[in-house]
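In: Structure here, sequence nowhere to be found:
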C-alpha cells in the first residue's frame, strides 16, 4: 500500500483545488516560509481524523477553511481527499484503491467518507489501526511530534511505541470491553435494585391473588348452579315443543321424499352434463392435436427447405475450394523452380569469391613481410629515442636532486638554530604552568566542602518529600474509597427516584393511570394521589403497615365520587385495567371504640402510627382505622381472643390475624425494598450523597494544600539540585583544567626531550647531504656520454626509410582493388541468399495455404453429408405426421356424433324434473303453517338462552357440562347461600391474579437478564485478561526489536556513539514508560534532555527510522524535521532516507538542499497571490 494522490479544496491557504500525485520513493515539498507548504501535511492529518485543532495550528474547526483575501471571498467548506493504493489489501477492504474524504463546514459540522460512502470518525480510526497511519501513528512527523517524542513523560512516550508494536487495535478492543464492563456493572446494579423491589411486591400480591381465586371459585360454583336452573326451565319448554314437531316431522318426511327424488334427478342430470363436458373436452383436445400436427408439418417443410439451401451453399463452397487448391498447387511448382535457379547462382558466386580471397591473401602476406621488417627498424629507432628521453630525464632528475639536496642541507642548518631557541622557551612555559596548578588545587578543596554540605541538606529535604508523598498517597486512597461510595449512592439514588417516578411496584393499571394524570392538569387537580405515596412511615413500622394495607396501598384517593367516575372512564377508554378509588365525599368509616391501654406489646392503631395530610384522614381511617399493630404474635393472639376475632391485627414482623380468626405468616425477604420503605431509602441516599459530596470537596481542598506544600518542597529540592549541579560543573571544570595543565607539562617535557634527539639527527643529516651532492655530479657526466651514442643510430634509420615506403604504397593499392571486387561478390551472394529465403518462405506459406484449403474442403463435405441426412430424417417425420392427421380427423367425426346423442337425452330429463319440483312446493307451504306455532314457544326458550348468555356468556348447548344432579328447589337455596359467601369476602382485587402472573413473569425475565449480564461481565473480564496478555507479549517482543534497530540507526546517523531504550517499570508492561539515553561520539552517556537541538532532532529521527525498519508504515510524511540539523547531519539524514525509500514511501516538507538532492519528485509551494498557495511540480528523473 502507498499514498497515491491528495486532493485539497478550500483548506487553509489552498483556495483552489490542488492535486498532488505521489509515486513510490521520495517526494519533497519545498517553498519559502509562509507559502503554506506545511498545510499539505496538516491536510493529511485532517483527513485521517485529527480532532485537535491546536495540532492543525488553529483555535476552532472553522479556522482551517479558507478565510478569504482582499480579492477573494471566504469559502463555506473545506474538503480533503486521500487516495491510497490498496492492491496488496493492507486495509481490510475489497478495493484496490481506497479514498478517504473529510468535509468541514463553517457550521462546525464534519463529515467522513470511505470510497464516497459516508462513515463515522470511528470507522476511519479503526481502518488505520496498527498500520502506523492515524492520529497516534508515526506516519506524520513534524517538529511538534519530535518534541513530543523527546520532551514528554516516559509514560506518554510509550504511545508511539504501541503503534509501532501493532497493539493499538488490541488496546482499542480492551477500552471498548472496559466501557461495556462499566455499563454491564451499572445494568447489574440497576436490575438488582428492581429485582429486590419486585420480590417485595410479590408476597402481598400473592395474598390478594389467593383471595381473588377464592372469589373466582365461589363465582364459578354459583354460575354452575344458576346454569342448571336455567337448563331445567328450557327442558320444560322443549316438551311442549315436541308435540308440534311430531306433526311437522310427517310433513318433512314427505318433503324429504320429493327432495330426495329431485336430488337424484339432479345428480343424473349432473352426470350426463359431466359426460357431455368430457366429450367436448376430448373433442377440443383432438382438434388441438389436429391443428398442432398441421403446424408441425409446416415447420418440417420449412426445415427441409432450409436444409436444401445449406446443401446448395456447401456444394458451392466445395467447388470454390477445389479451384483454389489447384491454383495453390500450380504456384508451389513455380516457386520450387525459382528456388533451384537461385541456388545455382549462389554456387557460382561462392566459387569466384574463393579465388579472390586466395589472391588477396598472397598480396597481404608479401605486404606484411616488408612492413614487419620496416617496423622492426622503426621500433629500434623509437627505443633509441625513448632511451634518449630517459637519459635526459635522468640528467634532469639528478640535477634536480642535486639542487634539492643542497636546499635541504641549508634548511637543516636553519632548523638547528631554531631548535636551540625553542628549548629555552619551553623551559619557561613549564615553570609558569606549575604555579597555576598550585592555585587550582586550593580552589578544588573549597568546592568539595560546599558540595558535601549541599548533599546533606538535599537528603533532609528528600526525606520530608517522601513523607509528604506517602501522606498524599494515603489520602488519595481514602478519596478514591469515598468517591466510589459517592458514585454508588448516587447511582442507587437515581434508580430509586426513577422507580418512584415510574410507579415501580404498582400495578399496570395504577402505573398507566397516574402517568396519564400527570399529563392532564385538569384531572390532576382532583386526584390527591395513591395511598402508598401519601403516607410516611417510620422504618420499624414499614413492613407491618405495608402488609396491613395489602392491595389498598395502590388505592387512589380522589376529592369526589365524580372524580372517581372520570378516572374509571379513563381506565376503560385506554384499556388500562381496573383500580380501586377512595372518594373523600363518599367513603365513611366506623371508629375503633375499644381500649388498647394497659396491654403490653401493643404499638397502636395502624392509622395512628403513620404520618399523612389531614385532608385524607377519612381515607386513612377507612383503610387502617380498625387495624391493630402489635410487637409480636402472642400479643396479637391475646387481642384476638379479647375482641372475639372482630379486628385485623398485624405484627411488626408481618404476621396477620384476619377477622374471623385466620392467621397468615411465614418468612419474608428482608433484603427486598417495599413501596413505603423506598421513600425513606431515597431520603437516606440523598442525605448520604450530600454529605459525601461535601466531604469530597473538603478533601480536595486539603489535598490541594498538600500538593502546594509538595510543590514548594520539590522547588526547594530542584534549587538544591541546581546548586549542587552548578558546583559540580565548576568542580569538574577545575579538575579538568588541573589535569589539562599537568598533561601539558608532560607534553612540554616530552617535546624538550624530542628536540634534543632531533638536534643530533639534524647534524647527522647535514653530513649525509654533503656526500649525496658529490654522487649526483658523477652521474650527470656518465649519462651525457650515452646520449651522444644513441643520436648516431637515429640518423642512419632516416637515410633508408624512403625506399621502403614506395614499395609498401604500391602493394596497398593492389590489395584495396581486390577487397573492393570481393565486397561486390559478397553483396551479390547476400542478395541471392535473401531471395532464396523469401522464395522458401513463399513456398512454405503456399503449402500451408493448400493444407488449410484441404481442411476447409473436408469440413464442407462433412457439412453436406450431415445436412442431407437431416433432410432425409425430416421427410420421414413429415410422412408420419400426415398419417397421424388422418387418424385424428376420423376420431373428431365420431366424437361429434356421440355428443349430439347425449345432448338430446339430457333435455328430456330436465322436463321431468320440473314436474317433481311443483309437487315439492305444495308440501313446503303446509310446513310453514306449523312453523308459526313452533316459533312462539321457541321465542320463550330464546329469552332464557339470552339471559343465560347475558349473565354467564354461555349457550344452552354448552350448559350440559355445568349441570348439577340435584333438585331445582335445592339448587335455588344453594344459589342464595353462595351469594352470601361472596359478599362476606369483601373487597376483592380481581386484577391481582393477572398482576401477580405479570409481575412474576417480569421477575423471572429480569432474573434471566441479571444472570446473562453476570455471564457477560465474566466474559468481558476474560476478554480483557486475554487482551492484556497479547498486549504484553507484542509490546515486549517489538520493543526489543525497536531497541536493537535504534542502536544501529543511531550509530549510522551519528557516525558512532551509543543509545539505549529503558523501560521505567519492566514489571508492568501495560503501563511502563520509556526512557531514552544516548551517548553521541566523544560525550558521556546522558539523558536526551541535556542534548542540543540538532542532536535531539537526530535522536528522534533515529528512533523514527528504527520503527519504520521494524514495522514499515505504507507512507511517511516528514514536516521540516531536518530544520535543526547542520549540513553534515542533513547529508547523513538524506543518505539514510534514500536507503529507506526502497521499501517505504516518503513525503518530505523541507528547505534543506541536502534533503532535496535525494528526492525523486519536487513540489514547489508558492504564494504568487497574497494569501493563496499555488503548486508547481518537477520530476527529477527527467532533469
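Out: Cool, the structure landed. If you're wondering where the values come from, they're calculated on a predicted model, not measured in any experiment. Numbering: from 1, shown residues only.
In: Show me where the stretch 951-1100 of the chain dips below the pLDDT cut-off.
Out: 984, 986-987, 1085-1087, 1089-1090 (pLDDT under 70).
In: try 50
Out: Of all residues in the stretch 951-1100 of the chain, none has pLDDT under 50.
In: Next: the stretch 401-550 of the chain.
Out: Looking at the stretch 401-550 of the chain by pLDDT under 50, you get an empty list.
In: show me where it has helices.
Out: Secondary structure of the stretch 401-550 of the chain (DSSP state H, counting those that start in this stretch): helices at 508-519, 521-524, 531-534, 542-549.
In: And this structure, what are its domain boundaries?
Out: Domain ranges of the chain: 1-139+1122-1127+1152-1183, 507-678, per automatic domain parsing.
In: wait, which of those domains is closest to residue 412?
Out: domain 1-139+1122-1127+1152-1183 (43.8 Å; C-beta to C-beta). Quick note: C-beta positions are derived from backbone N, CA and C, even for glycine.
In: The closest one: how far from the chain's middle?
Out: 22 Å (C-alpha atoms, centre = their mean, to the nearest Å).
In: coming back round to it: okay if I get the domains of the chain as CSV plus mean neighbour count and distance to residue 862?
Out: Compiled in CSV, the domains of the chain are given as follows (neighbours: other C-beta atoms under 10 Å; distance: least, C-beta to C-beta, whole Å):
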stretch, mean neighbour count, distance to residue 862
domain 1-139+1122-1127+1152-1183, 17, 49
domain 507-678, 17, 86
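In: Could you give the number of residues near the spatially closest residue to residue 713 that is not a sequence neighbour?
Out: Counting by C-beta to C-beta, 6 or more residues apart in numbering, residue 713 lies nearest to residue 465, which is 4.8 Å off, once chain neighbours are set aside. Other residues near residue 465 number 16, with proximity taken as other C-beta atoms under 10 Å.
In: List the contacts of residue 465.
Out: 710, 713, 714, 717 (C-beta atoms under 8 Å, 6 or more residues apart in numbering).
In: Narrow the residues you listed to just the buried residues.
Out: Among the contacts of residue 465, those scoring as buried are 710, 713, 717 (criterion: 16 or more other C-beta atoms under 10 Å).
In: if we take the residues you listed, which one ends up nearest to residue 156?
Out: Using C-beta to C-beta, the buried ones among the contacts of residue 465 come closest to residue 156 at residue 710, 21.1 Å.
In: Name the helix or strand for the closest one, please.
Out: helix 675-952 (DSSP states H and E).
In: and the angle for that helix with helix 542-549?
Out: 10 degrees (axes from the mean of the first three to the mean of the last three C-alpha atoms, to 10 degrees).
In: Can you name the element that comes right after helix 675-952?
Out: helix 968-984.
In: Name the helix or strand of this protein that has the lowest mean pLDDT.
Out: strand 1086-1087 (a mean of 64; mean pLDDT, DSSP states H and E).
In: sorry, back to before: what is the nearest of the contacts of residue 465 to residue 461?
Out: Closest to residue 461, out of all of those and judged by C-beta to C-beta, is residue 717, at 5.0 Å.
In: and the end-to-end length of stretch 499-507?
Out: 13 Å (C-alpha to C-alpha, to the nearest Å).
In: How about stretch 5-21?
Out: 4 Å.
In: For stretch 950-966, which outside residues touch it?
Out: By C-beta under 8 Å, 6+ apart, stretch 950-966 touches 223-228, 230-231, 234, 941, 944-945, 948-949, 971, 974.
In: let's see it at 10 Å
Out: 219-232, 234-235, 238, 941-942, 944-945, 948-949, 970-971, 973-974 (C-beta atoms under 10 Å, 6 or more residues apart in numbering).
In: Only whichever of those are buried, select them in ChimeraX.
Out: Of the contacts of stretch 950-966, the buried ones can be selected in ChimeraX as follows, counting by 16+ other C-beta under 10 Å:
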select :221,222,223,224,225,226,227,228,229,230,231,234,941,944,945,948,971,974
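In: So, low pLDDT: which residues of this protein?
Out: 670-673, 1181-1183.
In: what residue is smack in the middle of it?
Out: Centroid-nearest residue in the chain, with C-alpha atoms, centre = their mean: residue 126, separated by 3.8 Å.
In: which element follows the helix or strand harbouring that residue toward the C-terminus?
Out: Using DSSP H and E, residue 126 maps to helix 121-127. Counting by DSSP H and E, the next helix or strand C-terminal to helix 121-127 is strand 140-142.
In: So which other helices or strands are in contact with that following strand?
Out: Using 3 or more C-beta pairs under 10 Å, 6 or more residues apart in numbering; DSSP states H and E, the elements in contact with strand 140-142 are helix 38-47, helix 143-151, helix 1093-1110, strand 1115-1119.
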